[in-house]
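Peer 1: next comes the sequence, and after it the predicted model I'd like to discuss.
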Amino acid sequence: MGHNLWYDEDTKVIHLQFTRDYLTTDIPDIRSKMNELIGDIPHRQMCIHISKTAKVENRETREQSNQLLKEFEISHVAFIGGSAANRMIAKVMLKTGALKIQGDFFKTVDEGVNWLISKR
């Protein structure tokens, strides 16, 4: 997969950390790993670490990612770090309703996790 995906038992938050560019070909592996993780998770919240992501491949990648979040009923996403361009794309998707979840942007993981916990 190349990216890191895990569930933090202490905070009850799913984490997806991109380690390079995010490609459409990454989505099946992320879906498979999410199927393994999701189980009886009480809160469908996610931290997406975008600090190491240089770019999202294309519109298809963004659309399939949106579908993936819907599929797993993710309610809130805290985006951690990221370039100005990636934050701008995500903000546009949130504001236009293309990404139908509540989301916000944070500099640190702790800030993002605390925001997610406050939304429960």
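Peer 2: Ah, there it is. Residues are numbered from 1 along each chain as shown.

Peer 1: C-alpha only now, for contacts and for neighbours.
Peer 2: Noted.

Peer 1: need the pLDDT of I74.
Peer 2: Predicted confidence (pLDDT) at I74: the value is 94.

Peer 1: which ones are touching the residue lying closest to it once chain neighbours are set aside?
Peer 2: Computed as C-alpha to C-alpha, 6 or more residues apart in numbering, the closest residue to I74 that is not its neighbour in sequence is R44, at 4.6 Å. Residues near R44 by C-alpha atoms under 8 Å, 6 or more residues apart in numbering: V13, I14, F72, E73, I74, S75, H76.

Peer 1: one more: L116?
Peer 2: Each residue near L116 by C-alpha under 8 Å, 6+ apart is listed here: Q45, M46, H76, V77, A78.

Peer 1: right, and the helix or strand after the one helix or strand the second one maps to?
Peer 2: Here M46, judged by DSSP states H and E, is contained in strand 45-49. Proceeding C-terminally, strand 45-49 gives way to helix 59-71 as the next helix or strand, assigned by DSSP H and E.

Peer 1: give me the sheet partners of the next helix-or-strand element following that following helix and which way each runs.
Peer 2: For helix 59-71, the succeeding helix or strand toward the C-terminus, using DSSP H and E, is strand 76-80. Sheet pairing of strand 76-80 (DSSP bridges) gives strand 45-49 (parallel), strand 102-106 (parallel).
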